[in-house]
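Q: Generate a structure from the sequence data that follows.
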Amino acid sequence: MNIIVLCGGLSNERDVSISSGVGVTRALRERGHKAVLVDLFLGYPGSFDDPMEVFDRPWDDQGFSIREDTPDLDAVRASRKQENDCLLGDNVIPLCRAADIVFLALHGDDGENGRLQATLDVHNIRYTGSGYLGSAVAMNKTLSKQLFLAGGVPTPLGITLRRGEAPYANVGFPCVVKPSSGGSSVGTSVVYEEKDYLPALEEAFSFEDAVLVETFVNARELTVSVLDGKALPVIEIIPKAGFYDYKNKYQAGLTEEICPAPITPEQTAQVQALAEKVTEILMIDAYCRVDFLMDKESGIMYCLEANTLPGMTPTSLIPQAAREIGMDYGELCEQLIAVSLKKYGAQ
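A: Numbers count the residues shown, from 1 in each chain. Sure, this is the predicted structure:
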């Protein structure tokens, strides 16, 4: 197949996305596909008379590693030769239209909030992952929480605050403060005392105008990937220090991930069923990853969020879950394409 792998963009998860994109492109090329890696914002720098030419060009696989801190997006903006403010770089749409399918290796706003999916739909371009509606709903943690409650899925007590509406309410301490539509725990803080509350809000508000404040749950962290409506093995996430923040997620060796999670068969079945239910409630197509907290005392499973384009980096979770059922990374990439094509009536 001729495949464009879209990565990068202007999300705070840009580095994570590039790492995912490099891995996916490498795996697809190894399996005989003509995969081309394209940065959503910087575009494709080469020239061509016919977009189909690009799929036969060699690729310089230089690899990519994620830095400890989020990327300098101002520097990324300054590096682009285009002077307009369009989020799509040169040649992105022509190349995507020429491809058999676009593999979305994007994370965060640019790839997961539904706008890109709607743009691709308008151009009749096929892509991996959920459609625009499920993407938009899942990206907004406040809306997701409301739908969880309406659908009978337990979720931590939370309130949404908006910039400038001080004095700000709280849910008591300790609590978790995070941007309402963020990802990779960027801008997220665990607040144990009231004196640290306003600084945590300021940090979260630096990323967006809506902030979600949730009750802290003394819990084990679990995650369940769902592929074509069926839950994969459960993974338990145990950071060696602090909580599962950006650094602990993407720097090798800082977090222990156990698959399958050491929980009872009954707990496994329960959280897998909840994950499958979440995909229905949020109208998510093809695949996703759903994050949970399991209360250490009560055993109650609390759903935090669903990720419609889960990471495909060397430390990412959906590849780990797939390996547990005998599916290697390259097979997983092809399977993500296969289940996504069902949106278009293709098998």
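Q: From the rest of the structure, what touches stretch 159-179?
A: With contact meaning CB atoms under 8 Å, 6 or more residues apart in numbering, stretch 159-179 is reached by 141-142, 156-158, 180, 185-194, 197-198, 200-201, 203-205, 207-216. Using the backbone N, CA and C atoms, a C-beta is placed for each residue, glycine as well.
Q: among the residues you listed, which ones are buried?
A: Those of those that meet the buried threshold are 141, 156, 158, 180, 185-191, 197, 200-201, 203-205, 207, 210-216, by 16 or more other CB atoms under 10 Å.
Q: taking these one by one, which sit in strands?
A: The members of the buried ones among the contacts of stretch 159-179 that map onto strands under DSSP state E are 158, 189, 190, 191, 210, 211, 212, 213, 214, 215.
Q: ok, now how distant is the fifth one from residue 158?
A: The spacing between residue 210 and residue 158, counted by CB to CB, to the nearest Å, is 12 Å.
Q: next one: residue 127
A: Taking CB to CB, one finds residue 127 at 31 Å from residue 158.
Q: again, but for residue 179
A: Counting by CB to CB, the gap from residue 179 to residue 158 is 13 Å.
Q: list residues touching both of the two?
A: Any residue near both residue 179 and residue 158 by CB under 8 Å, 6+ apart counts here, and that gives residue 212.
Q: follow-up on the earlier one: taking the ones in strands among the buried ones among the contacts of stretch 159-179, tell me the two that lie furthest apart.
A: Greatest spatial distance in those: 190 and 210, 19.2 Å, computed using CB to CB.
Q: what about residue 196, neighbour count?
A: Using other CB atoms under 10 Å, residue 196 has 15 neighbouring residues.
Q: Residue 102 contacts residue 123, doesn't it?
A: No: under the criterion of CB atoms under 8 Å, residue 102 is not in contact with residue 123, lying 10.2 Å apart.
Q: Those two: which is more packed in?
A: Set side by side, residue 102 and residue 123 show more neighbours around residue 102, with 24 against 10, by other CB under 10 Å.
Q: Name the secondary structure element that contains that one.
A: strand 101-104 (DSSP states H and E).
Q: what's that strand in contact with?
A: With CB under 8 Å, 6+ apart as the test, strand 101-104 has contacts from 1, 3-6, 24, 28, 35, 96, 111, 116, 120, 125-129, 309, 333, 336-337, 340-341.
Q: and those residues, which are buried?
A: The buried subset of the contacts of strand 101-104 - by 16+ other CB under 10 Å - is 1, 3-6, 24, 28, 35, 96, 111, 116, 120, 125-129, 309, 333, 336-337, 340-341.
Q: sorry, back to before: pull up the overlap in contacts between residue 102 and residue 123.
A: Taking CB under 8 Å, 6+ apart as the criterion, residue 102 and residue 123 both touch residue 96.
Q: Output the below-cut-off pLDDT ranges for the stretch 201-347 of the chain.
A: 241-253, 346-347 (pLDDT under 70).
Q: Go again with 90.
A: For the stretch 201-347 of the chain, residues meeting the criterion pLDDT under 90 lie at 207-208, 239-255, 313-315, 345-347.
Q: now the strand or helix carrying residue 341, how far from the chain's geometric center?
A: For residue 341, the element it lies in under DSSP H and E is helix 329-341. Relative to the chain's own centre, helix 329-341 is displaced by 16 Å; criterion: CA atoms, centre = their mean, to the nearest Å.
Q: nearest spatial neighbour of residue 268, skipping sequence neighbours?
A: Distances taken as CB to CB, 6 or more residues apart in numbering place residue 234 nearest to residue 268, at 5.5 Å, with adjacent residues excluded.
Q: For that neighbour, what is the enclosing helix or strand?
A: Taking DSSP H and E as the criterion, residue 234 maps to strand 230-239.
Q: Between helix 329-341 and that strand, find me the angle.
A: With axes from the mean of the first three to the mean of the last three CA atoms, to 10 degrees defining the directions, strand 230-239 sits at 130 degrees from helix 329-341.
Q: can you list contacts of strand 230-239?
A: The contact list for strand 230-239 (CB under 8 Å, 6+ apart) reads 220-226, 244-245, 248, 254-263, 268, 271-273, 275-276, 317-318, 320-322, 324-325.
Q: do the same with stretch 191-201
A: Here stretch 191-201 has contacts from 161, 168, 170, 173, 174, 175, 176, 177, 189, 211, 213, using CB under 8 Å, 6+ apart.
Q: Helices along this structure, start to end?
A: Taking DSSP state H as the test, the helices found in the chain are 14-30, 73-79, 92-98, 109-112, 115-122, 132-139, 141-150, 197-205, 246-250, 265-281, 317-324, 329-341.
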